[in-house]
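S.K.: Quick one: sequence plus predicted model below, questions after.
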Amino acid sequence: MNTKKNKKAGFTLVELMVVAIIVAILAAVSIPLMTGNKDRAMATEGQAGCTTIATQIRMYWAEHGSAPANMAALTGINDGDMDGNYFDDNSYGFSGNTDASTYTISAAGIGDAVGEDVEMAVVSGSVTWGGSLLD
């Protein structure tokens, strides 16, 4: 007499629950890490834009001997040049003295970055950064 036991292959409910718990823990750990990466990406984009504008202000000053009146006076920046994921052409602005070594450039976020900002203050050639993304 030949009897074969019915062997069923597969995972038990306990094994499946353990895997589900491990996946949930990994997701709970990785989501805050990704949020931090997004904030750093926003800050980096804002800083890059502010630095570009600062370079254009210095070039304008070298060519004209005075500060630019507004963003439109910066001829080295064309429409769309400053468009990114979190900041665009209209996000940036500057204010300051009539000398080229003291001014402030600010960027206000768009889209996912609404309510976020980056600020670059130049005082006597020394740069400090501020804003909600860098605090």
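M.R.: Yep, it's here.

S.K.: Show me how far stretch 30-48 is from its chain's centre.
M.R.: Taking C-alpha atoms, centre = their mean, to the nearest Å, one finds stretch 30-48 lying 5 Å from the centre of the chain it belongs to.

S.K.: got the buried residues for it?
M.R.: Buried residues in stretch 30-48, defined by neighbour count with 16 or more other C-beta atoms under 10 Å: 39, 42-43, 45-47. Using the backbone N, CA and C atoms, a C-beta is placed for each residue, glycine as well.

S.K.: I'd like those as TSV, with secondary structure, pLDDT and distance to Asn70 appended.
M.R.: Compiled in TSV, the buried residues of stretch 30-48 are given as follows (DSSP: H, G, I helix; E, B strand; the rest coil; pLDDT from 0 to 100; distance: C-beta to C-beta, whole Å):
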residue	secondary structure	pLDDT	distance to Asn70
Asp39	helix	88	30
Met42	helix	93	25
Ala43	helix	94	25
Glu45	helix	95	22
Gly46	helix	95	20
Gln47	helix	96	22
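
S.K.: who are the neighbours in contact with the residue nearest the centre of the chain?
M.R.: The centroid of the chain falls nearest to Met42 when counting by C-alpha atoms, centre = their mean (0.8 Å). Going by C-beta atoms under 8 Å, 6 or more residues apart in numbering, Met42 touches 86, 109, 112-113, 116, 133.
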